[in-house]
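S.K.: Output the structure for:
(one chain, ligands or ions: 1)
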Amino acid sequence: MRHLLSAGDLTRDEAVLVLDTAAELARISGRSVKKFPTLRGRTVVNLFYEDSTRTRTSFELAAKRMSADVINFSAKGSSVSKGESLKDTALTLQAMGADGVVIRHGSAGSAHRLAGWVDGAVLNAGDGTHEHPTQALLDVYTMRERMGRVDGLRVAIVGDILHSRVARSNVLLLHTLGAEVTLVAPPTLMPVSVPTWPCAVSYDLDEVLPKSDVVMMLRVQAERMKDAFFPTAREYSRRYGLDRDRFARLQDGAIVMHPGPMVRGMEISAEVADSARSTVNEQVTNGVSVRMAVLYLLLGGSGSAIGNQGD
Ligand code: CP
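M.R.: Residues are numbered from 1 along each chain as shown. Just a heads-up that it's a prediction; the model follows:
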């Protein structure tokens with residue numbers, strides 16, 4: 001594996017290697033001294049053309065924990081505003097010696113394009129509405145930790161599937177790992193291509209919820225919408241929001257996930273988001289270990305990820 005562009009590129013063995021490596025690295029993250037020299041001398045560029053809280057900071061922390069040098073590039077405040085292209089920006093950063101480029105961009109396919117231009121590893125941190133593979137990896141890692149397995153899990157992904165790169169990457173990875181996924185959304189927020197995806201489809205959240213081991217709620221991405229996709233936010237929330245009443249109908253042991261950012265009161269109530277069954281904060285914590293694992297594996301790591309740093 002040279003780049004991480006799509007969750008669908010990962011074989012079962014490759015995905016399990018990332019998850020197992022992340023589990024090994026998580027042991028170090030639990031210690032008081034969290035830094036170790038595995039990527040000393042390597043340079044990681046975070047190239048972000050879209051806003052981010054979790055993904056950018058966790059990639060930065062992941063690289064720094066392994067002693068890499070990190071360049072944080074944000075399109076805002078850069079020469080992008082003067083008309084510089086993605087290709088020229090990337091080649092400029094490569095000329096500074098980037099071994100890995102983490103890219104978030106508003107255009108689907110941008111990470112693939114970048115991989116054809118630069119010598120280093122490219123990690124897709126979200127390309128438009130297309131894919132977000134490290135989010136899927138950290139979600140699956142969290143499911144494996146909480147539920148003890150991924151194979152055979154029944155996972156409902158609920159909300160704005162149409163604009164969600166998280167949904168597509170999760171469907172692909174969960175299918176590879178043997179989970180059964182059902183996408184739930186209003187018909188207007190379901191992609192027309194969804195019959196070709198390896199998952200089931202439903203428009204009825206109340207029918208799917210009691211049969212689910214994992215319920216992943218997605219934000220309505222208003223910033224990507226040019227049209228009205230549902231009558232009102234209140235109507236959407238009434239039919240597709242996870243509120244106290246629906247939460248009470250989950251089966252014992254079921255968990256609630258959300259990739260963030262959440263809009264409390266819209267797709268998920270505050271009470272549900274803060275409940276013991278919610279994995280929202282664990283997902284963020286696990287994101288650091290998973291991104292460490294991906295950086296380690298792509299930037300030439302071999303043997304044990306923690307070398308002689310283990311206990
Ligand atoms: N889940 C996720 O990608 O969050 P950010 O947009 O804050 O990175």
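S.K.: Nearest spatial neighbour of residue 72, chain-adjacent residues omitted?
M.R.: Of all residues not flanking residue 72 in the chain, residue 46 sits nearest, at 4.8 Å (Cβ to Cβ, 6 or more residues apart in numbering). To be clear about C-beta, it is placed using only N, CA and C from the backbone, and glycine gets the same treatment.
S.K.: dump the residue contacts of the most centrally placed residue in the chain.
M.R.: Nearest to the mean C-alpha position of the chain, by Cα atoms, centre = their mean, lies residue 135 at 1.1 Å. For residue 135, the contact set (Cβ atoms under 8 Å, 6 or more residues apart in numbering) comprises 55, 126, 165-166, 169-170, 259, 287.
S.K.: again, only this time at 10 Å
M.R.: By Cβ atoms under 10 Å, 6 or more residues apart in numbering, the contact set of residue 135 is 7, 54-55, 125-126, 164-167, 169-170, 173, 259-260, 283, 287, 290.
S.K.: Please flag which of the residues you listed sit within strands.
M.R.: Cross-referencing these against strands under DSSP state E gives 125-126.
S.K.: so which of the contacts of residue 135 are also by the ligand?
M.R.: Residues of the contacts of residue 135 in contact with the ligand (Cβ under 6 Å from any ligand atom): 54-55, 126, 259-260.
S.K.: Now do the same for the spatially most distant residue from the centre of the chain: its pLDDT.
M.R.: Relative to the centre of the chain, the most outlying C-alpha is that of residue 82, 30.7 Å out, by Cα atoms, centre = their mean. Model confidence at residue 82, given as pLDDT, is 90.
S.K.: Which residue would be the closest one in the stretch 101-250 of the chain to the ligand?
M.R.: In the stretch 101-250 of the chain, the residue that lies nearest the ligand is residue 135 (5.4 Å; Cβ to the nearest ligand atom).
S.K.: Start from the N-terminal end of the stretch 51-200 of the chain and give the helices.
M.R.: Secondary structure of the stretch 51-200 of the chain by DSSP state H, counting those that start in this stretch: the helices cover 54-65, 86-95, 110-115, 133-147, 165-176.
S.K.: Export these to JSON lines and append columns for mean pLDDT.
M.R.: Converted to JSON lines, the helices of the stretch 51-200 of the chain look like this (pLDDT from 0 to 100):
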{"stretch": "helix 54-65", "mean pLDDT": "97"}
{"stretch": "helix 86-95", "mean pLDDT": "92"}
{"stretch": "helix 110-115", "mean pLDDT": "96"}
{"stretch": "helix 133-147", "mean pLDDT": "98"}
{"stretch": "helix 165-176", "mean pLDDT": "98"}
